[in-house]
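Just to be clear, the model below is a prediction. Sequence and coordinates:
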Amino acid sequence: MPTLTVDGIEVTVEPGQTVLQACEAVGVEIPRFCYHDRLEIAGNCRMCLVEMEGGPPKPIASCAMPAGDNMVIKTNTPAVKKAREGVMEFLLINHPLDCPICDQGGECDLQDQSMAYGKDHSRYHEVKRAVKDKNLGPLIKTTMTRCIHCTRCVRFITDVAGVEELGAVFRGEHTEIGTYVEAALTSELQGNLIDLCPVGALTSKPYAFTARPWELRHTETIDVHDAVGSNIRVDTRGRQVMRVLPLLNEDINEEWISDKTRFACDGLAKRRLDAVYVKRDGKLQQSSWDAGFDAVKERLEGLEGSKIAAIAGDLACAESMTALKDLMSALGSANIDCRQDGAKIGNGARGGYLFNTTIAGIENADFCLLVGTDPRHEASILNARLRKRYLKGDFTIYSVGAELDATYPVTELGAGSDVLKEIIAGRHDVCARMVEAERGMIIVGQDALARSDGEQVLAGLKTIAEKTDIVTSDWNGFNVLHNAAARVAGLDLGMIPGEGGLDVAGIQSAAGKGDLDVVFLLGADEIDTSVFGNAFVVYIGSHGDNGAHHADVVLPAAAYTEKPGTYVNTEGRVQRTERAAFPPGDGREDWTILRALSERLGQTLPYDSLPELRARMIEIAPQLASIDEITTTEWGDFGKAGDLSADAFEGSGTSYYLSNPICRASDTMAECSDLSTNTAGGATGTHG
């Protein structure tokens, strides 16, 4: 390992690291614009110049110079200071004086570094160059005159997002960053360009001119738009969520978030349920909490538990599902389910419904078989890990299911179930590759598990995983990819039918036939509620979506940014949201609604505070006590042996941008969905 001296301090670094990284290792700050830890080195901006004894007679770009043995680096000499001032002067030659109106103001690398390393005057008096703005779609606002050609955006969209849609055209002072032909970006990660841009050339279009950074209150929490559990920061002003930004978490999302995570936040303020509604004369009418609870009590009077059912939605927190499960138990009902899509999962060992490899563990794999899943649209951040692993080399990916528009090469094996039958039987050519792999992975998605033969698919993949040593004592390559934030916690808590109980399909069928009298929906909006017939529907949720439209009583609840809650991501990692704002009007936290309702029904739940509820939650599922940890998971029996259906694997058909009530209430997501639907070719395929 090379040992060098930086400003008189000796430091040893890993082979292949750069001089800039060596300087950072000893605590010396090196200014930079084009360099980024997670992107390929470009060496464009020259802001990171330092002196090297015995080297060239001019400063060197520390970001592009490999650290070597016995190097002597100086970062604070007069020559370095003069060089940095000169570079800054050149960068500012054509940069407009937009700071007072620029959305990057207060968070701008160019502002900060010009203050720290630039001159107090400019010698340039010529007319500044102007560049035409580009239309990159409804998410990214461009002011290309501010661009300093650091190419961070180009490298991110190409390497990380895997969509080669940005690049540089022309040469010299005429260089421009653009899309070559006028078109909107199609990546689900394009919002990260806003964070990467060191100037104000790329900013958020929905957020433009709405707030300043110093006006906002920051809350660190997690995202619930998918099952990845990305760490985020929610910025609020008063009661309104203004924007969502990523937080660093190397084990989950690194420092990226999906566009749905970032831009769907405007849906938190629209179509909100802010009052209790009770249906009278066929119409929902605004009412009070007492009237709402009385209506539920009156309908439940004298009912047997078998006539009552409950379905938990995809955004429900563990606390609210615990309260709902306990209430159903008190009412004598075993008709509970958290699997809105009908996935045949949860009846067996915990390892049978987790992403056992872990998200970070993807980087250690050397083979991947996708079954009935589209990671790009079901878990964009996890998909970025798959692409990252692909770029390292020696990583082959196969897919059984609908054709994918992937960001890495995938060998499509077909959508027919006969292909999967051959793989499970060990007769397919891909089985030999699975055996050769040292650390292979199988990723099965909800489209495969929601079929009528979902349990057989699960059992078959478990068998082939064990036969090909994908599951060993030190490596578990069997993975279930969830797309609902509430799913794993629901399965951990046993939010599935008890003995003799009905699942979602059974509840719908029984209600339609008149065999069920009351159905509780805890934010359950992804099911067909029109089939409930004359059943009395109690909806507890935050938005006036599908579930509320067919409800007899609507009880307004808090969204994920408005309550402290526990969620478990697809890999089994327990995380908690924090309250960033308060719900509008009469909105309350879900569990408090259920607690108050239980008291009115004479079945008072045994907890009065959040700590007491969490103690009960942990009593049911002890693993929920391990915050931000992945607990040891048993590998046991799950699935059910049997023949597979002859039906081909098909995609869910759900729009990436309209996957939950918050997204469907978002104007930004609606605009993105319209664009993806109306754009021919690649964009249509990209956004499903």
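Yes, it's here.

Tell me where the stretch 301-450 of the chain has strands.
For the stretch 301-450 of the chain, the strands defined by DSSP state E, counting those that start in this stretch cover 308-312, 336-337, 367-371, 396-400, 411-414, 440-445.

Tabulate these (JSON lines), appending distance to residue 155, mean pLDDT and mean neighbour count.
Quick note: C-beta positions are derived from backbone N, CA and C, even for glycine. Below are those laid out as JSON lines (distance: least, C-beta to C-beta, whole Å; pLDDT from 0 to 100; neighbours: other C-beta atoms under 10 Å):
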{"stretch": "strand 308-312", "distance to residue 155": "42", "mean pLDDT": "97", "mean neighbour count": "28"}
{"stretch": "strand 336-337", "distance to residue 155": "45", "mean pLDDT": "97", "mean neighbour count": "27"}
{"stretch": "strand 367-371", "distance to residue 155": "24", "mean pLDDT": "97", "mean neighbour count": "26"}
{"stretch": "strand 396-400", "distance to residue 155": "23", "mean pLDDT": "96", "mean neighbour count": "22"}
{"stretch": "strand 411-414", "distance to residue 155": "27", "mean pLDDT": "94", "mean neighbour count": "15"}
{"stretch": "strand 440-445", "distance to residue 155": "27", "mean pLDDT": "96", "mean neighbour count": "26"}
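
Which stretch among these approaches residue 530 most closely?
Set against residue 530 and scored by C-beta to C-beta, the strands of the stretch 301-450 of the chain come closest in strand 308-312, at 14.5 Å.

Show me how far the closest one is from its chain's centre.
In terms of C-alpha atoms, centre = their mean, to the nearest Å, the centre of strand 308-312 is found 27 Å from the chain centre.

Just name whatever secondary elements it is in contact with.
Judged by 3 or more C-beta pairs under 8 Å, 6 or more residues apart in numbering; DSSP states H and E, strand 308-312 is in contact with helix 318-330, strand 336-337, helix 504-513, strand 518-522.

repeat that for 6 Å
Secondary-structure packing of strand 308-312 (3 or more C-beta pairs under 6 Å, 6 or more residues apart in numbering; DSSP states H and E): helix 318-330, strand 518-522.

Pick the most deeply packed of the ones you listed.
Highest mean neighbour count among the helices and strands packed on strand 308-312 (mean count of other C-beta atoms under 10 Å): strand 518-522, with a mean of 26.

ok, and what's touching that strand?
299-300, 308-313, 316, 324, 511, 532, 535-540, 547 (C-beta atoms under 6 Å, 6 or more residues apart in numbering).

Turn the strands of the stretch 301-450 of the chain into CSV, columns for distance to residue 220.
Formatted as CSV, these follow (distance: least, C-beta to C-beta, whole Å):
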stretch, distance to residue 220
strand 308-312, 26
strand 336-337, 32
strand 367-371, 32
strand 396-400, 34
strand 411-414, 40
strand 440-445, 29
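
for these, which one sits closest to residue 421?
The nearest among the strands of the stretch 301-450 of the chain, by C-beta to C-beta, is strand 396-400 at 10.2 Å.

I'd like the helices and strands packed on strand 308-312 as JSON lines, with mean pLDDT appended.
Shown next, in JSON lines, are the helices and strands packed on strand 308-312 (pLDDT from 0 to 100):
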{"stretch": "helix 318-330", "mean pLDDT": "97"}
{"stretch": "strand 518-522", "mean pLDDT": "97"}
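
Where do the strands of the stretch 51-200 of the chain begin and end?
60-61, 72-74, 140-142, 167-169, 176-178.

Okay, buried residues for the third one please.
Buried residues in strand 140-142, counting neighbours by 16 or more other C-beta atoms under 10 Å, are found at 140-142.

quick revisit: could you save the strands of the stretch 51-200 of the chain as a markdown table and add columns showing mean pLDDT?
Listed next are those as a markdown table, based on pLDDT from 0 to 100:
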| stretch | mean pLDDT |
| --- | --- |
| strand 60-61 | 95 |
| strand 72-74 | 95 |
| strand 140-142 | 97 |
| strand 167-169 | 93 |
| strand 176-178 | 94 |
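
Tell me how many other residues surround residue 345.
The criterion is other C-beta atoms under 10 Å. On that basis, residue 345 has 25 neighbouring residues.

I'd say it and residue 449 touch.
Yes - using C-beta atoms under 6 Å, residue 345 is in contact with residue 449, at 5.2 Å.

buried ones in stretch 383-391?
Neighbour-count burial for stretch 383-391 flags 383-390 (criterion: 16+ other C-beta under 10 Å).

Check stretch 334-353 too.
334-348, 350-353.

Kindly report the same for stretch 211-225.
So, applying 16+ other C-beta under 10 Å, buried residues of stretch 211-225: 216, 219, 221-225.

Contacts only, for the residue nearest to residue 556 when sequence neighbours are not counted.
Distances taken as C-beta to C-beta, 6 or more residues apart in numbering place residue 273 nearest to residue 556, at 3.9 Å, with adjacent residues excluded. The neighbourhood of residue 273, defined by C-beta under 6 Å, 6+ apart, consists of 544, 554, 556.
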